[in-house]
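Undergrad: Kindly return the folded structure for what I paste below:
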Amino acid sequence: MFEKFAKDARESVVGAQEEARALGADRIGTEHVLLGMLRTPDSVAAQALARLGVTHGDVLAAVRALPPGAIDADALAGVGIDLEAVRAQVEASFGPGALDTPLPRSRAGHLPFEPSAKKLLEIALREAIRFKHRRIDTGHLLLAVARLDDSTAYGALSSLGVGPAAAREAVTAVWADVPVG
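TA: The predicted structure follows:
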C-alpha cells in the first residue's frame, strides 16, 4: 500500500515513528500519524490545519493532555478490569508514578502500528479512492482521522475545536490550491 503514498504521506509515516519514540510509545498510534503529518509544513494536512489555526505544537500539547490510556481503560472495563484499581494496587506496592516511568528500550528497529493506526491508513486509501485520486497524500490521512471518532488523534483535534466537517473543508480547500498526489 505504501507505494500509493505521495511523498508527504510517506514522510508522515516515517515522522510518526519518530513522534512515537519521542513520546515514549512502543507502538505507532493515530496521534503519532497526526503529529507526523504536521512535521512538514507544506504537506496538505499541515496546510489544512494551519487554515484552522492548528500547529504541530498545539496537537502535541493536546495529545499530552489526553488522559493516559483512556482507550485502554475503556477496553479493560469492557472485560471487567478496573484500571484505576490496578494502578492504585501497583502504586501501593511500588510507589507513586510506578506505571508512568517508561522502561528503557532500544531505539533501533521499526515500531509496529497499533490496530487503530492501521485502520487510519486503510481509511486514507478509501478516501483516495472515493475522490478518484491516484495517490494518497496527508489530506487523505487527515480525512481518515476525521472519520475515526474513537481514535486518540480525533480526540486531540476535537479538544482543539477541529471537528470532521472543518477538517474536510480545510483539506478540500488546500486541494483546490495545490495539485493532489
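
Undergrad: Every contact and neighbour count from this point should use C-alpha atoms.
TA: Fine.

Undergrad: Could you list every helix and strand in contact with the strand or helix carrying residue 174?
TA: Using DSSP states H and E, residue 174 sits in helix 164-177. Secondary-structure packing of helix 164-177 (3 or more C-alpha pairs under 8 Å, 6 or more residues apart in numbering; DSSP states H and E): helix 44-51, helix 138-147.

Undergrad: Rounded mean pLDDT for the next helix or strand after the first one, please.
TA: So the one you mean is helix 44-51. Note on helix 44-51: by DSSP H and E, the next helix or strand toward the C-terminus is helix 56-65. Across helix 56-65, pLDDT averages out at 94.

Undergrad: Output the contacting helices and strands for helix 56-65.
TA: Counting contacts by 3+ C-alpha pairs under 8 Å, 6+ apart, helix 56-65 packs against helix 30-37, helix 152-159.

Undergrad: ok, back up a step: would you indicate which residues of the helix holding residue 174 are buried?
TA: The neighbour-count check on helix 164-177 (16 or more other C-alpha atoms under 10 Å) flags 164, 167, 168, 170, 171, 172, 174, 175 as buried.

Undergrad: Name the stretch among the helices and strands packed on helix 164-177 that sits most buried.
TA: Burial of the helices and strands packed on helix 164-177 is given as mean neighbour count (mean count of other C-alpha atoms under 10 Å); helix 138-147 ranks first at a mean of 27.

Undergrad: other SSEs contacting that one?
TA: Under the contact criterion of 3+ C-alpha pairs under 8 Å, 6+ apart, helix 138-147 touches helix 7-22, helix 30-37, helix 44-51, helix 115-130, helix 152-159, helix 164-177.

Undergrad: Please identify the helix or strand for the residue sitting furthest away from the middle of the chain.
TA: Most distant from the centre of the chain: residue 93, at 33.6 Å, with distances by C-alpha atoms, centre = their mean. Using DSSP H and E, residue 93 maps to helix 83-94.

Undergrad: Now for this structure, the helix or strand with the poorest mean pLDDT.
TA: Within the chain, no helix or strand scores below helix 70-78, which has a mean of 59 by mean pLDDT, DSSP states H and E.
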